[in-house]
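Trainee: Provided below are the primary sequence and the corresponding predicted coordinates.
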Amino acid sequence: MQKNRDKMKKFISIAIALLCTTLPMMGQTTKTVRFKVIETSDVHGHFFPYDFMEKKPLKGTLSRANTYINKERQKYGKDHLLLIDNGDILQGQPCVYWSNYVMPENENLAARVINYMNYDAETVGNHDVEPGHKVYDKWIREVCCPLLGANIVKKEYKNADVARPQHVYTGLQPYSVHYIEGVKICVIGMLTPAIPNWLNESIWKGIEFEEMTSCARKWVKYIKETERPDLIFGLFHSGKDGGIVTPDYEENATAAVAREVPGFDIIFFGHDHQVHNEWITDKEGKQVLIIDPSCWAQNIAEAEIELTYEKGRLTKKDIKGEIVSVRDEEVDEQMVAHFQKDIDAVKEYVGEKIGRFEQPIYTRESFFGNSAFTDLIHNLQLQITGADISLNAPLSFNTTIKAGDVTMADMFKLYRFENLLFVLRMTGEEIRKHLEYSYDMWTNTMTSPEDHALRLNDASKEDQQRTGFQYYTFNFDSASGIDYEVDLTKPDGEKVRILQMSNGEPFDEQKWYKVAMNSYRANGGGELLTHGAGIPKDSLDARVLFHTDRDQRHFLTEEIRRMGSVNPQPNTNWKFVPEEWVKPALERDRKLLFGK
């Protein structure tokens with residue numbers, strides 16, 4: 001009901017604005033309109049200036065961004081600033097998990113934050129689909145601004161030849177329309193279509209995700225013919241380029257759309273957790289600004305736009321893009337006060353004692369061999385499922401859980417994402433090939449003792465998902481339940497030698513094994529099962545023996561609660577060789593990644 005009232009108010013204000021501004025513009029010889037667009041993206045629950053996992057103050061966050069946004073609203077006038085968000089807001093800090101799963105009967109916290117900050121449009125991110133229909137359908141209903149997803153369509157309408165608003169998934173819009181002093185702006189929202197590679201179909205049942213370039217082409221045509229706007233913006237939850245590329249789509253397609261689909265003036269984007277601010281020339285020779293603020297509300301991306309009209313006709317566009325840090329902006333205390341009851345409730349939730357660790361554990365150790373952090377998850381996965389072998393990768397770069405009491409906050413550090421836990425049937429050969437693919441991304445091929453042991457890339461240090469590595473660290477799978485060596489002097493595809501099962505039984509490449517892993521991996525995430533192990537994507541479902549109905553963190557929590565006291569130790573079931581080369585090289589690489 002409140003959402004309908006808010007939408008009616010917005011409709012009336014737009015109608016009044018049109019009457020008051022469009023007619024005067026037509027009567028003027030020269031008119032200049034100046035306004036600003038601000039984008040946030042990949043917020044991942046960073047709403048408040050408090051880290052609920054580390055239990056300490058937090059830089060950035062929407063509470064600081066809102067201070068900057070309000071200053072810009074005063075500077076430009078609230079009717080001359082568009083505020084847009086690019087999705088991945090329903091996963092991350094424990095406050096969103098608390099809202100999604102612990103207190104689902106209340107209005108979703110992410111929706112309340114969006115509404116409080118008066119966003120003008122929002123797209124859907126892949127992590128907004130991850131919580132499942134029950135969570136995101138409710139969130140869609142509760143958000144007051146238009147929620148955009150032109151390529152998120154009802155199953156029966158995938159790849160329709162023509163654009164139709166009714167094809168889009170229920171509650172979403174393909175685009176939104178905004179007016180500023182008679183200037184008509186259309187914002188097209190899209191989501192990376194790679195969802196089926198990461199999430200089980202039960203999570204997105206009834207929905208399909210269209211390839212972005214063809215979808216953008218038909219919606220730009222529709223909008224030009226139907227709306228005749230002055231400006232067209234994109235709001236894409238899809239990185240610049242790279243990621244998963246299949247014959248049917250690209251995961252990160254923003255640059256491709258900017259080049260191949262004339263009509264866009266600016267594309268605001270995200271998903272890749274990187275900062276971008278650049279111009280791309282489309283196929284008609286026009287310059288398109290593409291801009292991305294990265295993640296966690298550390299920055300905002302903004303575009304200042306100045307349009308000149310001569311006798312009612314647009315004659316000049318001046319667009320300037322900028323990335324603005326809000327890490328050290330003043331906190332919006334009024335916003336914090338508004339949500340203080342929620343903040344207090346989440347602090348109480350994450351403070352609950354789960355068990356006790358006799359030793360500290362560190363994710364950084366996971367990159368250099370067996371680690372107590374990664375192996376604790378391996379061991380718990382094997383205990384919970386009864387599988388023969390466990391596959392697991394580090395999900396954070398440099399996280400510590402201290403010895404002593406373990407609280408719910410620590411469980412979000414132990415396991416970052418709301419993945420489910422799966423068990424698949426795999427042959428021994430497939431397991432080895434899976435690991436080969438992992439270590440080929442993870443490690444270098446050494447030709448001398450002076451070479452790097454790890455596959456590093458200095459240019460990726462600011463990328464929050466690679467942090468100095470060439471490839472994504474959440475795809476660096478190791479295994480438990482088998483003993484093996486990784487020879488860094490061997491070429492790609494020949495590094496892994498499996499010695500035996502860890503219980504002493506022989507390992508057989510022709511035998512079938514039960515393998516525990518998270519749902520991201522089980523559905524093809526990272527392509528380790530498909531490109532690595534060689535299992536066709538369309539046969540992965542047939543390999544599933546079991547999966548949980550709750551997120552993996554829930555079951556890890558319950559197992560630690562049952563155990564009470566845990567003494568995490570590395571399993572010592574695998575190692576890098578030859579050690580006389582590898583040990584010094586790993587120490588050199590450790591210093592490059594983490595300092596002294």
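Mentor: Perfect, I can see it now.

Trainee: now do the strands in the stretch 151-300 of the chain.
Mentor: For the stretch 151-300 of the chain, the strands defined by DSSP state E, counting those that start in this stretch cover 152-154, 175-180, 183-191, 207-209, 231-237, 266-269, 275-281, 287-293, 299-310.

Trainee: now render those strands as CSV, adding mean neighbour count.
Mentor: Where you see a C-beta, it was placed from the backbone N, CA and C, and this is true even at glycine. Below are the strands of the stretch 151-300 of the chain laid out as CSV (neighbours: other C-beta atoms under 10 Å):
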stretch, mean neighbour count
strand 152-154, 21
strand 175-180, 22
strand 183-191, 26
strand 207-209, 21
strand 231-237, 28
strand 266-269, 28
strand 275-281, 15
strand 287-293, 23
strand 299-310, 20
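
Trainee: for Met517, find the nearest of those.
Mentor: Closest approach to Met517 among the strands of the stretch 151-300 of the chain (C-beta to C-beta): strand 207-209, 23.1 Å.

Trainee: run me through the strand neighbours of that closest one, direction for each.
Mentor: Strand partners for strand 207-209, identified by DSSP bridges, are recorded as strand 152-154 (antiparallel).

Trainee: ok, Tyr97 - contacts?
Mentor: By C-beta atoms under 8 Å, 6 or more residues apart in numbering, the contact set of Tyr97 is 45, 91, 412, 418.

Trainee: among these, who's most crowded?
Mentor: Highest neighbour count within the contacts of Tyr97: Gly45, with 28 neighbours (other C-beta atoms under 10 Å).

Trainee: check what pLDDT that one gets.
Mentor: pLDDT, Gly45: 98.

Trainee: please apply the same query to Thr445.
Mentor: So, for Thr445, pLDDT stands at 98.

Trainee: span of stretch 493-508 from start to end?
Mentor: Distance across stretch 493-508, first residue to last, is 18 Å (C-alpha to C-alpha, to the nearest Å).

Trainee: what residues does that stretch touch?
Mentor: Identification of contacts with stretch 493-508 by C-beta under 8 Å, 6+ apart yields 388, 428, 431-432, 435-436, 439-440, 443, 445, 480-488, 571, 573.

Trainee: and the closest residue to Phe507 other than its chain neighbours, how many neighbours does it have?
Mentor: In this structure, Phe507 finds its nearest non-sequential neighbour in Ile498, 4.9 Å apart by C-beta to C-beta, 6 or more residues apart in numbering. Using other C-beta under 10 Å, Ile498 has 19 other residues around it.

Trainee: just read off the phi/psi values of Ile498.
Mentor: Backbone torsions for Ile498, taken as degrees, to the nearest 10, come to phi -90, psi 120.

Trainee: any idea what it is bridged to?
Mentor: Legend: beta-bridge partners of Ile498 under DSSP bridges are Tyr484.

Trainee: how close does it sit to Ile431?
Mentor: With distances taken as C-beta to C-beta, to the nearest Å, Ile498 is found 8 Å from Ile431.

Trainee: identify the contacts common to these two.
Mentor: Residues touching both Ile498 and Ile431 (C-beta under 8 Å, 6+ apart) are Ile482.

Trainee: what would the strands of the stretch 151-300 of the chain look like in TSV with distance to Arg521 and mean pLDDT?
Mentor: Converted to TSV, the strands of the stretch 151-300 of the chain look like this (distance: least, C-beta to C-beta, whole Å; pLDDT from 0 to 100):
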stretch	distance to Arg521	mean pLDDT
strand 152-154	24	97
strand 175-180	35	98
strand 183-191	21	98
strand 207-209	20	97
strand 231-237	22	98
strand 266-269	26	98
strand 275-281	28	98
strand 287-293	27	98
strand 299-310	31	97
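
Trainee: make TSV from these and add distance to Ile223 to it.
Mentor: What follows is the strands of the stretch 151-300 of the chain, written out as TSV (distance: least, C-beta to C-beta, whole Å):
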stretch	distance to Ile223
strand 152-154	17
strand 175-180	6
strand 183-191	5
strand 207-209	20
strand 231-237	6
strand 266-269	14
strand 275-281	20
strand 287-293	15
strand 299-310	18
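
Trainee: quick one: closest of these to Ala522.
Mentor: Per C-beta to C-beta, nearest to Ala522 of those: strand 207-209, 18.8 Å.

Trainee: distance from the closest one to the middle of the chain?
Mentor: 18 Å (C-alpha atoms, centre = their mean, to the nearest Å).

Trainee: so what touches it?
Mentor: Under C-beta under 8 Å, 6+ apart, the answer for strand 207-209 is 151-155, 157-158, 169, 191-196.

Trainee: which of those residues tops the neighbour count?
Mentor: The contacts of strand 207-209, ranked by neighbours (other C-beta under 10 Å): first place Asn151, 32 neighbours.

Trainee: contacting residues for it?
Mentor: So, once contact is read as C-beta under 8 Å, 6+ apart, Asn151 ends up touching 190-191, 193, 209-212, 215.

Trainee: alright, I will stop here.
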